[in-house]
Every structure is written in C-alpha cells, then in structure tokens.
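**Q** Any chance you can model this:
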Amino acid sequence: MPAAEESFGMNSVVDNICRLPPDVLKDACQHVLTYLQGQSSGVDSAEISHRFQRAGVTLDHEALQSIIRFLLLTFRSGGKNKLPADELLSKLEEGSNKWSKASLQVLHVLWSEHGALVHAQQEAQSMLSIGQLVDVQWKLGMAVSSDTCRSLNSPYVCLLLKITESSGQIRQRSFEMTIPQFQNFHQQLKEMAAIMETV
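**A** Numbers count the residues shown, from 1 in each chain. Here you go, the predicted structure:
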C-alpha cells in the first residue's frame, strides 16, 4: 500500500475513533485490553457494536472492525515494546495528526492502568508458545552410501514430526537417529508418559 493510502486509512480510523464519546471509546478499549490480558477468549465485535448502537454511535461493520484491529495492534505493540503511556501517545500522534485531546486522554489513562498487565501477559505467552505435536511418522532405513560415514550398511530411523506453531502454521521437521539413539529416545518418551499420568 502506498504511503498516501496508508496515511489516509490511518486517518480514517482515527477520525472514527475520535467520533466516539469518551465513555464508549473507553468501553471498546477495555474489551480489547481484557482480551490482551488473557481474561477473555477474544474480542466480541458484536457486543461492541451493540454498545455503540445503545450510545447512539452508528458505524458500518468495516469501520468497527478497523477500530478493533487498530486498538489490538496499538495495545499489542505497546505491550511488546513495553511502552509507557506517554510514549504510546507520542507514537500515535506521529502516525496521525487527527487525534482529539479527549480520545488521547482516554487511551493514556487506560494504558497507564493496563499496559504493564498486557506486557506481562505477552511475556508469559511468548514463554509458553511452543509448538504442538500433530503427527509423528517414522521409517527404518539402511545407509548404503555416504560421503562422511565409514560404517555403511547400518540401520537408522528417520522421524518426521508435524508441529503446529503458535502462529497456527504447521511445520515439518525431520531428523535421523541411529538405532541406539532411537532406543534412548523411546525410553525417554516412556518415562515422560509415566510422569504425565501421575500429574
């Protein structure tokens, strides 16, 4: 997207945010912050839309979604970079000159209260975001030629792991083991399974 179009899109979202009464903006931000702090499973845009309508704010679906995406991106980025409230607002003002003082004040107060919690939740998620094993395939093979191996005609096990990463993408990882390495691996898996049954 060219810079002019990107700037126009940003200004359009900021215009819509600034049209919101402070209490309605605060409510929408709290929905997003609750999710980013791990206290809800997602941001319910239908609920936010109903609250906007009750407050007399009419926005089309795409404008509402743009506001929610903007708030998610802003708060997620602020948490990731551990930005204090003043710095977060400076970045917002650099991105658009359309901000109203009332909207910035709401964002400042909420980020001052919740920014550290969002950062802590993101830290915890990054530490826990290990891949989930989806599938394991294996095959037994025999080494018959090699540039580096002297002992040919020795069996090996090739493992193919399918792992779902935290981004949702499935990756494949493969590696080879000698028979003694595979037997050791198998023993470790049995020990882990036994320990997990006691938990």
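
**Q** CA atoms for contacts and neighbours, from now on please.
**A** Fine.

**Q** The single longest helix found in the chain - what's its average pLDDT?
**A** In the chain, taking DSSP state H as the definition, the longest helix is helix 101-128. In this model, helix 101-128 carries a mean pLDDT of 88.

**Q** what do you get for stretch 61-80?
**A** Averaging pLDDT along stretch 61-80 gives 92.

**Q** the bottom helix or strand of this structure by mean pLDDT?
**A** Within the chain, no helix or strand scores below helix 3-19, which has a mean of 73 by mean pLDDT, DSSP states H and E.

**Q** Against which helices or strands is the longest helix of the chain packed?
**A** helix 3-19, helix 22-36, helix 61-80, helix 85-95 (3 or more Cα pairs under 8 Å, 6 or more residues apart in numbering; DSSP states H and E).

**Q** and these, which is most packed in?
**A** Most buried of the helices and strands packed on helix 101-128, by mean neighbour count (mean count of other Cα atoms under 10 Å): helix 22-36, with a mean of 19.

**Q** would you turn the helices and strands packed on helix 101-128 into JSON lines with distance to residue 124?
**A** Formatted as JSON lines, the helices and strands packed on helix 101-128 follow (distance: least, Cα to Cα, whole Å):
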{"stretch": "helix 3-19", "distance to residue 124": "30"}
{"stretch": "helix 22-36", "distance to residue 124": "12"}
{"stretch": "helix 61-80", "distance to residue 124": "11"}
{"stretch": "helix 85-95", "distance to residue 124": "21"}
